[in-house]
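Participant: here's my sequence, what's the structure:
(chains A, B, C and D)
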2 protein chains.
Amino acid sequence: MRADVLKGHLDLLLLIIVEDGAKHGYAVIEELRRRTDGAIDLPEGTIYPALHRLECAGLLTSEWHEVNGRRRRSYSLTSGGRHAAREKRREWTAFASTVQRVVGAPAWPTMA
Amino acid sequence: MRADVLKGHLDLLLLIIVEDGAKHGYAVIEELRRRTDGAIDLPEGTIYPALHRLECAGLLTSEWHEVNGRRRRSYSLTSGGRHAAREKRREWTAFASTVQRVVGAPAWPTMA
DNA sequence: GCTTGACCCCTAGGGACTCTAGGGGTAGCA
DNA sequence: TGCTACCCCTAGAGTCCCTAGGGGTCAAGC
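Facilitator: Reported below is the predicted structural model:
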């Protein structure tokens, strides 16, 4: 899946992933890939700037750690980030059901 | 709903709307507003360039009509457009269920 | 010892898309 | 006459993501 289609929804995804526990950028990519069976496989050049953006916006904080001689920047949610995650989840639900209404597919995708 | 969040999905919406019968730009806006109870209310500056883009891409064709002294550019699907509509519908379904999986909301929003 | 691949961080530049903010016009009604 | 609904359009800006590079460490294989 091309991430173009994610436009405007990447923040939601990142907040959700980090909501489940602090993660560094590379781990976020892996977790996204894992949870979607590879359907969402974002390049680093997408993730890192996005994380920086969310930190600038005050939704994430970061801490540098040293693990096995490798430096990692670990991100976690701020309280504002927690709030934003809830808010964006709501927005997503509204958005998806609205589009679904227009598309008019029979009920919701029975993805078994 | 801000259309920012629509990024990448506007084409789907337009194709779907026109799929139900030829429409001019203004009518597309109204139909989108009607079908979503005002949730999707796009400015003309979004719709017209998008329709032109889809026409350039060969997915729509247009014809000028004169109705009550007002000129209208009426758009309808080409065969490529019909195919694209089906394709984009599929893409949307895949996208939405994938994001839904990450978001992990309880089942699908029971919008009755 | 060297290479390769996994792990880990980053930025610059470009392209695609939508919005804002204007431009134009006709018809009908107060 | 002025306002509103109807109807079309473009330029410029902003946002977001991608491509394509740049760093670096560590472990395993040759």
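
Participant: how many neighbouring residues does residue A:53 have?
Facilitator: Each residue near residue A:53 was counted by other Cβ atoms under 10 Å in any protein chain shown, and the total is 14. For every residue, glycine as well, the C-beta is placed using N, CA and C.

Participant: and the one 4 residues further on, by the same measure?
Facilitator: Using other Cβ under 10 Å, residue A:57 has 13 other residues around it.

Participant: quick one, phi psi at it?
Facilitator: The phi/psi pair for residue A:57 (degrees, to the nearest 10) reads phi -80, psi 0.

Participant: stretch A:64-77 and chain B in contact?
Facilitator: No. Stretch A:64-77 is not in contact with chain B by Cβ under 8 Å from any Cβ of the partner chain; minimum separation 15.1 Å.

Participant: that stretch: which residues count as buried?
Facilitator: By neighbour count on 16 or more other Cβ atoms under 10 Å in any protein chain shown, the buried set for stretch A:64-77 is A:72, A:74, A:75, A:77.

Participant: what is the top helix by length along chain A packed up against?
Facilitator: The single longest helix within chain A, with elements called by DSSP state H, is helix A:79-103. The helices and strands touching helix A:79-103, judged by 3 or more Cβ pairs under 8 Å, 6 or more residues apart in numbering or on different chains; DSSP states H and E, are helix A:10-19, helix B:10-19, helix B:25-35, helix B:79-103.

Participant: ok and that helix relative to helix B:10-19, angle-wise?
Facilitator: 20 degrees (axes from the mean of the first three to the mean of the last three Cα atoms, to 10 degrees).

Participant: re the thing from before, need the helices and strands packed on helix A:79-103 in CSV with mean pLDDT and distance to residue A:53, can you?
Facilitator: As requested, the helices and strands packed on helix A:79-103 are arranged in CSV below (pLDDT from 0 to 100; distance: least, Cβ to Cβ, whole Å):
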stretch, mean pLDDT, distance to residue A:53
helix A:10-19, 96, 8
helix B:10-19, 96, 23
helix B:25-35, 95, 30
helix B:79-103, 93, 19
